[in-house]
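Asks: next input, structure requested:
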Amino acid sequence: MATPAAWLEERGHASSWRSRMVRGLLIGTAALFLGVILLLPLVTVFAEAFGKGIGFYRDALLDPDALAAMRLTLLVTALVVPLNTLFGIAAAYAIARFSFRGKSVLTTLIDLPFAVSPVISGLAYVLVFGASSWAGPWLEERDVEVIFALPGIVLVTLFVTFPYVARELLPLMQMLGTDEEEAAISLGAGGWTTFFKVTLPKIQWGVIYGVILCNARAMGEFGAVAVVSGHIRGLTTTMPLHVEILYNEFNQVAAFAVASVLSLLALVTLAIKTAIEWRTGHRGGH
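Replies: Now for the predicted structure:
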């Protein structure tokens, strides 16, 4: 007859074995899922991009239309990200630090792009600024182009990306509280001094993280931009739209070549995001 100690030891070994089996099963399932859903398509993009050799890959990227799409994508991103960064900081600061009428409405509106399809948002801008809209004749008289031009692409990209910085900062600022800011003000610091010397250093990693997410979405946005761009090749086609055009023309290798650039930008963004997360955790550990 087994002693209680032996029985407990045997039960502990069985429990440990089951725990290792469950852990291995979960890790294996997650790895398989990531491999099939994420890694396999990514490898396929680069394999197809270099399918006809490095020379064809280089020529596809140096094509004037491809270069124009890259320039437009970078220009739109360069315009959108700083504007949404300023908005995100201002909105998060206002919501986290002040009580005012309409605060809950503002908080809800920040989440609106998450709930509205990008295609619907693009259509809404067409209905507001298009030729047949109420503003269309006024814009046409002044020779101002919004739809099927750069301003329309910037506007819809602003719309779909503006929650990212604000949503990263809002819970962070609410968690940090106002004690240090109140102490700085009580010691004679002004509002701007308090913000730049006390508030901003505490939220800088949240700002950077939000900027990274905003940047990634701005470069990869397709649905809203497709509606307002008009697909004017070499003029209003961003990189995602140019990939679609090439693919529809059965120029798959060139399409994958441009897509590989987007993939590389995504990987760089992911690497920066991971580094920020590690840095934030490292600082938090101290």
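Asks: how about Thr236, secondary structure?
Replies: Assigned with DSSP: H, G, I helix; E, B strand; the rest coil, Thr236 falls in the coil class.
Asks: what's the closest non-adjacent residue to it?
Replies: Closest residue in space to Thr236, ignoring its immediate chain neighbours: Ser229 at 4.1 Å, by CB to CB, 6 or more residues apart in numbering. Glycine gets a C-beta too; all of them are placed from N, C-alpha and C.
Asks: roughly how far does that neighbour sit from Ala131?
Replies: Noted for Ser229: a distance of 15 Å to Ala131, by CB to CB, to the nearest Å.
Asks: who has more neighbours, the two?
Replies: Applying other CB atoms under 10 Å to Ser229 and Ala131 shows that Ser229 carries more neighbours, namely 22 against 14.
Asks: in contact with the more buried one: list those residues for me.
Replies: Phe148, Gly152, Ile153, Thr236, Thr237, Thr238, Leu241 (CB atoms under 8 Å, 6 or more residues apart in numbering).
Asks: can you pull the contacts of the fifth one?
Replies: Each residue near Thr237 by CB under 8 Å, 6+ apart is listed here: Asp65, Ala68, Ala69, Leu72, Ser229, His231, Ile245.
Asks: now the helices: where do they sit in the stretch 101-250 of the chain?
Replies: For the stretch 101-250 of the chain, the helices defined by DSSP state H, counting those that start in this stretch cover 103-110, 112-115, 118-129, 136-141, 150-161, 163-176, 179-186, 191-194, 200-220, 223-229, 239-248.
Asks: do you know which of these lies nearest Leu34?
Replies: Checking the helices of the stretch 101-250 of the chain against Leu34 by CB to CB gives helix 200-220 as the closest, at 18.4 Å.
Asks: can you list the buried residues in the closest one?
Replies: Along helix 200-220, these residues count as buried under the neighbour rule (16 or more other CB atoms under 10 Å): 203, 205-220.
Asks: state the mean pLDDT of it.
Replies: The predicted model assigns helix 200-220 a mean pLDDT of 89.
Asks: residues near Thr108, how many?
Replies: 11.
Asks: if I look at it, how far off is Ile185?
Replies: From Thr108 to Ile185 the distance is 30 Å (CB to CB).
Asks: ok, now Phe250?
Replies: Applying CB to CB to Phe250 and Ile185 gives a distance of 65 Å.
Asks: comparing the two, which residue is more hemmed in?
Replies: Taking neighbours as other CB under 10 Å, Phe250 and Ile185 compare with Ile185 leading, 15 against 7.
Asks: surely the more buried one is in contact with Thr193?
Replies: No - if you go by CB atoms under 8 Å, Ile185 and Thr193 don't touch, sitting 9.2 Å apart.
Asks: where does Gly152 land on pLDDT?
Replies: At Gly152, pLDDT is 93.
Asks: now do Val81
Replies: As summarised for this prediction, Val81 has a pLDDT of 94.
Asks: next secondary structure after the helix-or-strand element of the chain with minimal mean pLDDT?
Replies: Least confident helix or strand, the chain: helix 4-34 with a mean of 71, by mean pLDDT, DSSP states H and E. Sequence-wise, the next helix or strand downstream of helix 4-34 (DSSP states H and E) is helix 40-49.
Asks: how about that next one as PDB, C-alpha atoms only?
Replies: Taking Å, rounded to 0.1, in the frame of the first residue of the first chain, the C-alpha atoms of helix 40-49 are listed here in PDB:
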ATOM      1  CA  LEU A  40       3.300  31.800 -45.000                       C
ATOM      2  CA  PRO A  41       1.600  34.800 -46.800                       C
ATOM      3  CA  LEU A  42       4.600  37.000 -45.900                       C
ATOM      4  CA  VAL A  43       7.100  34.400 -47.300                       C
ATOM      5  CA  THR A  44       4.900  34.000 -50.400                       C
ATOM      6  CA  VAL A  45       5.000  37.800 -51.000                       C
ATOM      7  CA  PHE A  46       8.700  37.900 -51.100                       C
ATOM      8  CA  ALA A  47       9.000  34.600 -53.100                       C
ATOM      9  CA  GLU A  48       6.700  36.000 -55.800                       C
ATOM     10  CA  ALA A  49       8.400  39.400 -55.700                       C
END
